[in-house]
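Novice: with the input below, show me the fold.
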Amino acid sequence: MVYVITCGDEGVQINEGTRLSVIGSGIKFEYFPQLIKYLKKLFPEDKLRIVSSQENRWIKDQFDLNTFEQADATMQQQAQALADHEDLLYVGFLPFADPKVLKHEVKGHMVRPKGVHIANKICFTLAGGEQTFNLGQYQISAEWLHLADKKIAKKIIDTQVDFYQKMAGDKLIIVYEEKGPLGEKISQKNKEVLKSLGY
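Specialist: Numbering: from 1, shown residues only. Okay, here's the model as predicted:
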């Protein structure tokens, strides 16, 4: 099984591979270097991948771009550079289309309506990435929380939650995905840290 670092956009669907969600796939996210260290402690390094996705709002905002076409091109270039920098495999680009076979054992696509965000929840994955796809929720990988310094953990989580709350406009419901290959003990540790951070 490969683990795919993707954006937490609710439209991202990984059909082959397990999704680990980080805002903008970690691009221009100042805490990504710390976060990837934690993920590399939890998952075999040769099984970690990075993917880019269409119509990414984080990329458009961070690079101050005018169109999503510009964001699509920028994200692909930046995801490749980030993968090279972090010694990970870049697998390609998820489009609004039928599921696409990408490189390195990954398949996926975008499934939300184009131009619209419909999520009303934020889901924290606690035990090894996304196990059940749900179009109604943004997603944040929280498998690593029990390994992290609490101040850094708070910054990594708050930055992502704040962005999704701003995008949604309304208060988003917090939910957890507690099952996964890392098991119940790690899941519960991560849940305790999240609750201590106010989630």
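Novice: all the helices of this structure, in order from the start?
Specialist: Taking DSSP state H, the helices of the chain run over residues 32-42, 57-62, 68-85, 150-168, 184-196.
Novice: out of those helices, which one sits most buried?
Specialist: helix 57-62 (a mean of 20; mean count of other C-beta atoms under 10 Å). Backbone N, C-alpha and C define where each C-beta goes, glycine included.
Novice: roughly how far out does that one sit from the chain middle?
Specialist: The gap between where helix 57-62 is centred and where its chain is centred comes out at 14 Å by C-alpha atoms, centre = their mean, to the nearest Å.
Novice: would you put the C-alpha positions of it in CSV?
Specialist: Extracted as CSV, the C-alpha positions of helix 57-62 are listed here (Å, rounded to 0.1, in the frame of the first residue of the first chain):
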residue,chain,number,x,y,z
ARG,A,57,-7.6,27.4,-3.7
TRP,A,58,-4.6,27.3,-1.3
ILE,A,59,-2.2,27.4,-4.3
LYS,A,60,-4.1,30.2,-6.0
ASP,A,61,-4.1,32.3,-2.8
GLN,A,62,-0.5,31.5,-1.7
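Novice: could you say what helices and strands it packs with?
Specialist: helix 68-85 (3 or more C-beta pairs under 8 Å, 6 or more residues apart in numbering; DSSP states H and E).
Novice: 10 Å instead, please
Specialist: Judged by 3 or more C-beta pairs under 10 Å, 6 or more residues apart in numbering; DSSP states H and E, the packing partners of helix 57-62 are helix 68-85, helix 150-168.
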